[in-house]
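In: After the sequence you'll find the predicted model.
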Amino acid sequence: GALAAQGNIVQPCLEQWLAHPYFAESPPKTTGRELFGVDLARQWQNDILATGGDAASGTAGTPELAESLGHSLKPAVPSLFTFRIPDPRLEGLAGISVDPAGLQLLNEDGTPLRAPGMQQLGPLLITHWGLSGPAVLRLSAWAARELNACAYQAGLRINWLGEMKQEQALADLLTFKEAHAGQKPTAHYPFDRLPQRLWERLAQAASLHPDQNWGDLPKAALQSLAEQLTAGRYSIRGKGPFKEEFVTCGGVALDEVNFKTMESRLVPGLYFAGEALDVDGLTGGFNLQNAWTTGYLAGSAAAFALRE
């Protein structure tokens, strides 16, 4: 409190905490609460823990400070990242986008992951290393823990036609075949919203020959094409190569914090803000808002307590 009144809070507090013998052991061999948790809570009042996070490595700032005072921590993992997908269907197509596209995260055996948020619909961008765009970033946020648990090795099903069912895509292909029997499928196709280069790559993956006309295509070929369009399977083989993760998923458990003031429910006078908390939004903007809002609430509450 005295340090806070002088306007010098963060560095002295960190030095005081980290100078304790508890932190000399790596990793510490106790919870730390029995060593100094209660005494520290009495000594330091109106302190704000806003240590941020390291999204690339998945560490939530300095979690030992909160954990040593009895707080439970949600494991920290990277969130909001792109997918590395080495696949010939995507090679050379960097910059092509589709809006909307449907994504479904899969287990390695091809079965869908059954958890909230494992399906996403939205803009999808092909990159030099795989996929990005809002749909991918939202999926990476919802699946941050699942993807970390499998070392970012997972399956992905893509519907390039948004929400269209495979049966409807096949019906549209059959209708187009009847109406354009003498035309080449590489140059003429029924789904104008798809960029032509992507269409050509998917047609190639379905084993359509460029010399064939629509009228030459058997139903089996159209069924394969409909599957490529609406349910193509791809393999995620890691996060994007440039360490561009936006935020950290994990931190101080939210049920241990009073959200009206951001004060700890366990240690009166201790406040939290930003990525020290287990908060990660679906885009970078939401996470900036979280940092600003929780910082304002914590700062206001701590300053008010000093005046009492």
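Out: In hand now; what should we look at? Residues are numbered from 1 along each chain as shown.
In: Could you measure from the residue lying closest to residue 217 once chain neighbours are set aside over to residue 221?
Out: Counting by Cβ to Cβ, 6 or more residues apart in numbering, residue 177 is the residue found nearest to residue 217 once chain neighbours are left out, at 6.2 Å. Quick note: C-beta positions are derived from backbone N, CA and C, even for glycine. Taking Cβ to Cβ, to the nearest Å as the measure, residue 177 and residue 221 are separated by 10 Å.
In: cool, residue 76 as well?
Out: Distance from residue 76 to residue 221, by Cβ to Cβ: 48 Å.
In: Check residue 126 too.
Out: Distance of residue 126 to residue 221, given as Cβ to Cβ: 24 Å.
In: who has more neighbours, the two?
Out: Taking other Cβ atoms under 10 Å, residue 126 and residue 221 do not tie; residue 126 has more neighbours (24 against 19).
In: Could you give the bridge partners of that one?
Out: With DSSP bridges applied, residue 126 shows beta-bridge pairing to residue 131.
In: Please apply the same query to residue 84.
Out: Going by DSSP bridges, residue 84 forms beta bridges with residue 130.
In: pLDDT score for it?
Out: Among the per-residue scores, residue 84 shows a pLDDT of 96.
In: you'd agree it is up against residue 129?
Out: Yes. Judged on Cβ atoms under 8 Å, residue 84 makes contact with residue 129 at a distance of 5.0 Å.
In: Find the nearest non-adjacent residue to the residue of the chain positioned farthest from its centre, please.
Out: Of all residues in the chain, residue 182 has its C-alpha farthest from the mean position, at 46.1 Å, by Cα atoms, centre = their mean. Distances taken as Cβ to Cβ, 6+ apart place residue 213 nearest to residue 182, at 5.6 Å, with adjacent residues excluded.
In: Neighbours of that neighbour, how many?
Out: For residue 213, the count of nearby residues is 14 (other Cβ under 10 Å).
In: Mind pulling up the pLDDT for it?
Out: 95.
In: Residue 17 too?
Out: You'll see residue 17 listed with a pLDDT of 56.
In: measure residue 161 to residue 147 for me?
Out: 25 Å.
In: Show me which of these two is the more surrounded one.
Out: residue 147 (24 against 21).
In: Surely the more buried one is in contact with residue 236?
Out: Yes. Assessed by Cβ under 8 Å, residue 147 is found in contact with residue 236 at 7.5 Å.
In: Give the intersection of the neighbour lists for these two.
Out: Common contacts of residue 147 and residue 236, defined by Cβ atoms under 8 Å, 6 or more residues apart in numbering, comprise residue 154.
In: Quick check: neighbours shared by residue 84 and residue 129?
Out: Jointly contacting residue 84 and residue 129 under the rule Cβ under 8 Å, 6+ apart are 240-241.
In: Going by residue numbers, what spans are strands in the stretch 201-308 of the chain?
Out: Ranges of strands in the stretch 201-308 of the chain, per DSSP state E, counting those that start in this stretch, are 232-237, 247-252, 257-258, 263-264, 270-272.
In: Quick one: mean pLDDT over the last one.
Out: What strand 270-272 shows for mean pLDDT is 91.
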